[in-house]
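# Output the structure for:
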Amino acid sequence: MIIVSDTSPINYLVLTGYIDTLPALFGEIIAPKAVYQELLHAKAPAVVKEWVNSKPSWFTVHEVVNLFSAEELGVGEQEAISLAVHLKANLFLCDDMAARQFAKRQHLLVLGTLGILEEAAKQNRLNLQEAVQKLTATSCRLRADVIREALMRDEKRREG
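Okay, here's the model as predicted:
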């Protein structure tokens, strides 16, 4: 399975302490060089930069060959989508709405940070309510109805 990630899912999973859900769910995660550089940016949280500086073997960085140009997207998003298309990725990890919509137009299956946490909860790897609390304590912006729906799905799943 080929999984390509944009910056935000990695950033938020490191910040919440759930970064190990990525290899547990998906194995190897691939990111383009621009995402790697964004994770090391001067304004990135120290814990994120520390994680990247000692990056695990399941996180690999690739060069992008054919770059999609989309003015509404940042460089990291453009490179990540381009890499996902080039590698024929099974899944693209991304939170930004414009990037998600662009990726879907490229026929990519997209999953955001909340979706990753929800999938991990389905596999009993974490408590979704607790994970959502940690996620909302970061700079991650999620609509209240999206959170409510995820928690309702999780509750129904646990009930049976």
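
# All the strands of the protein, residue numbers only.
Along the chain, counting by DSSP state E, strands occupy 3-5, 29-32, 59-62, 91-93, 110-111.

# Make CSV out of these and add mean neighbour count and distance to Lys134.
Where C-beta positions appear, they are placed from N, C-alpha and C, glycine not excepted. Compiled in CSV, these are given as follows (neighbours: other CB atoms under 10 Å; distance: least, CB to CB, whole Å):
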stretch, mean neighbour count, distance to Lys134
strand 3-5, 26, 19
strand 29-32, 24, 20
strand 59-62, 16, 21
strand 91-93, 25, 18
strand 110-111, 20, 18
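
# Same list (these) but as TSV, adding mean pLDDT and distance to Thr138.
Listed next are the strands of the chain as TSV, based on pLDDT from 0 to 100; distance: least, CB to CB, whole Å:
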stretch	mean pLDDT	distance to Thr138
strand 3-5	98	17
strand 29-32	98	19
strand 59-62	96	20
strand 91-93	98	16
strand 110-111	98	18
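
# what's the closest of these to Val75?
Closest to Val75 of those, according to CB to CB: strand 29-32, at 9.1 Å.
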